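>>> I would like to see how this sequence folds:
(chains A, B, C and D)
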2 protein chains.
Amino acid sequence: MPRHFHGTPRQERALSAYVKLLRASESVRAEAGRTFAGQGLSPSQFAVLEALYHVGPMCLSELAHKILKTSGNLTMVAGNLEKRGLVVRQQSAEDRRFVSLAITDKGRKLMARVFPVHLERIVELMNRLSPAEQEEFARLCLRLGKNL
Amino acid sequence: MPRHFHGTPRQERALSAYVKLLRASESVRAEAGRTFAGQGLSPSQFAVLEALYHVGPMCLSELAHKILKTSGNLTMVAGNLEKRGLVVRQQSAEDRRFVSLAITDKGRKLMARVFPVHLERIVELMNRLSPAEQEEFARLCLRLGKNL
DNA sequence: TCAAGACGCTTTAATGTTAAACTATTATTT
DNA sequence: AAATAATAGTTTAACATTAAAGCGTCTTGA
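Below you'll find the predicted structure:
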């Protein structure tokens, strides 16, 4: 049993990049998440609230696609946000299968307070890379994520 | 309400890199996960099994740190793997607080079958970047994940 | 020495997550 | 127009995950 995996150069290169990608994302996710965790918001809840705040009302399936979660999960996330009065459901008139979700004043106030802090934390985290490196990094990430 | 968030260049740059990092990791994680999901292994279960397979027996806290999960979670992951006979617990003799986890022959056989497929999938995924880009990407990820 | 604290693991309770089955609504086909 | 299929959302059951409290075990320091 080897102390570490050992393979061909192309395998080790790919595996190393893969592991480091997952670790970096976990680390950054955890760091950035502290901002809204302190407000009792789960990552999914914050992602939904943020989309509604910056883009406007959207239906559940649109949100599910946007935050990469299942539709079943979104039913619950929307429900929990609605319980707290941060969003409201509204059935579409044209096609009654659709349920549109919109942020409320209370939700807007919360985001107006939390989002700037969150953004500054992200800027801090990303400042470990220079501006040019950040742009290069974003390009590489984009090419790796092309399959969804 | 703006259609999209709009901030200073440094904010937009950081936010863009942040979002693309999370999307790339989600995408790659989902793609790579198919390999072991077909074997009824959760991501955490596979991560633990892989560590035991390539590194050797480790105690639970070591594994928890390695796969970035809580100790409580590891109790359950280890328990579920043990139920399937893929690993065994063994209390340390020197310090009876420690519980060492080791892969069994059955677990080794499973990994011998699954890991090469998993590795090849990762190579495929990462081949969207050239070898030099993969190395550069790994370096950038490393600098972003320095806080854990 | 022995009391206090630190440490590793487990348990518990609450929540998040998913896949799959289900309901209601709209679109398509014949 | 009626039957069929497709779509959006919800429900359900099973499991994952976490924070916090609890339980043994070791370490430390008065």
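>>> run the chain-centre distance for the helix or strand that contains A:K20.
Using DSSP states H and E, A:K20 maps to helix A:9-37. For helix A:9-37, the distance between its averaged C-alpha position and the chain's averaged C-alpha position is 15 Å (C-alpha atoms, centre = their mean, to the nearest Å).
>>> is the next helix-or-strand element following that helix up against DNA strand C anywhere?
As assigned by DSSP H and E, the chain's next helix or strand after helix A:9-37 is helix A:43-55. Yes - Helix A:43-55 is in contact with DNA strand C by C-beta under 7 Å from any atom of the strand, via A:P43, A:S44, A:Q45. Where you see a C-beta, it was placed from the backbone N, CA and C, and this is true even at glycine.
>>> for helix A:43-55, what is the average pLDDT?
Confidence over helix A:43-55 (mean pLDDT, whole number) is 95.
>>> next: stretch A:141-148.
81.
>>> so what touches stretch A:94-109?
Outside of stretch A:94-109, the residues within contact range by C-beta atoms under 8 Å, 6 or more residues apart in numbering or on different chains are A:48-49, A:52-53, A:56-61, A:63, A:78, A:81, A:85-92, A:111.
>>> and those, which of them are buried?
Taking 16 or more other C-beta atoms under 10 Å in any protein chain shown as the criterion, what is buried in these is A:48-49, A:52-53, A:58-60, A:63, A:78, A:81, A:86-87, A:111.
>>> please go through the residues you listed and note which also touch chain B.
When these are checked against chain B using C-beta under 8 Å from any C-beta of the partner chain, the ones in range are A:Y53.
>>> of the buried ones among the contacts of stretch A:94-109, which is the nearest to chain B?
When these are compared for distance to chain B (C-beta to the nearest C-beta), A:Y53 comes out closest, at 7.7 Å.
>>> low-confidence stretches in chain A?
Residues of chain A meeting the criterion pLDDT under 70: A:1-3, A:147-148.
>>> taking the centroid of it, which residue is nearest it?
Among the residues of chain A, the smallest C-alpha distance to the mean C-alpha position (C-alpha atoms, centre = their mean) belongs to A:A47, namely 5.0 Å.
>>> and the closest residue to it other than its chain neighbours, what does it touch?
Residue nearest to A:A47 in three dimensions, not counting chain neighbours: A:I67, with 4.3 Å by C-beta to C-beta, 6 or more residues apart in numbering or on different chains. Counting by C-beta under 8 Å, 6+ apart, A:I67 touches A:S44, A:A47, A:V48, A:A51.
>>> again with A:C141
For A:C141, the residues meeting the contact criterion (C-beta under 8 Å, 6+ apart) are B:A17, B:K20, B:L21, B:R23, B:A24.
>>> quick one: buried ones out of those?
For the contacts of A:C141, buried by 16+ other C-beta under 10 Å: B:A17, B:K20, B:L21, B:R23, B:A24.
>>> okay if I get the residues you listed as CSV plus distance to A:Q11?
Listed next are the buried ones among the contacts of A:C141 as CSV, based on distance: C-beta to C-beta, whole Å:
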residue, distance to A:Q11
B:A17, 27
B:K20, 25
B:L21, 23
B:R23, 25
B:A24, 20
